[in-house]
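Colleague: A predicted structure for the sequence below; I have some questions about it.
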Amino acid sequence: MAQRTTPAVAASSRWTDTDGIRYPRGDTHAWTPGTNQTLCGVPLSRARLARFPHVPWTDALYLAELGEHGVFPCRRCSGATLSDRRRWTRTDPRP
């Protein structure tokens, strides 16, 4: 079974707080570090999304709820991060 890691954030733009830490802004997607695409299938390099490996996806959802910094999470990425349901797997593939 594959090891599940907590997804980080990839976003279309960024903002910097007073301590100099970068945070996502704009359209945000869930991204697994070590891959070149988001959980919804958008390629990072072609979409020109900035990577934020230090920001977990749950923090991006929290920033979106606050509504202060213009964070808009992807609906498909939000659905892909639901961990309480079982993932689809093919058990009897056709020849």
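Modeller: Perfect, I can see it now. Everything quoted here is computed from the prediction, not taken from an experiment.

Colleague: Output the below-cut-off pLDDT ranges for the protein.
Modeller: 1-4, 83-88, 95 (pLDDT under 70).

Colleague: the strands in it, which residues?
Modeller: Listed in chain order, the strands of the chain (DSSP state E) span 8-16, 22-31, 50-56, 71-73.

Colleague: Report the strands that pair with the third one, each with its relative direction.
Modeller: If I follow you right, that is strand 50-56. Strand 50-56 has the following strand partners under DSSP bridges: strand 8-16 (antiparallel).

Colleague: Look up how far residue 80 lies from the residue nearest to the spatial centre of the chain.
Modeller: With distances taken as CA atoms, centre = their mean, the residue of the chain nearest its centroid is residue 30 (0.9 Å). Distance of residue 30 to residue 80, computed by CB to CB, to the nearest Å: 6 Å. Bear in mind the C-beta positions are built from the backbone N, C-alpha and C, glycine included.

Colleague: joint contacts of these two?
Modeller: Residues touching both residue 30 and residue 80 by CB atoms under 8 Å, 6 or more residues apart in numbering: 39, 40.

Colleague: still on that earlier bit, quick one: closest of the strands of the chain to residue 41.
Modeller: Nearest to residue 41 among the strands of the chain is strand 22-31; the distance by CB to CB comes to 9.6 Å.

Colleague: tell me the angle of the closest one relative to strand 8-16?
Modeller: 160 degrees (axes from the mean of the first three to the mean of the last three CA atoms, to 10 degrees).

Colleague: Spatially nearest residue to residue 17 (excluding sequence neighbours)?
Modeller: Excluding the flanking residues, the one nearest residue 17 by CB to CB, 6 or more residues apart in numbering is residue 23, at 6.4 Å.
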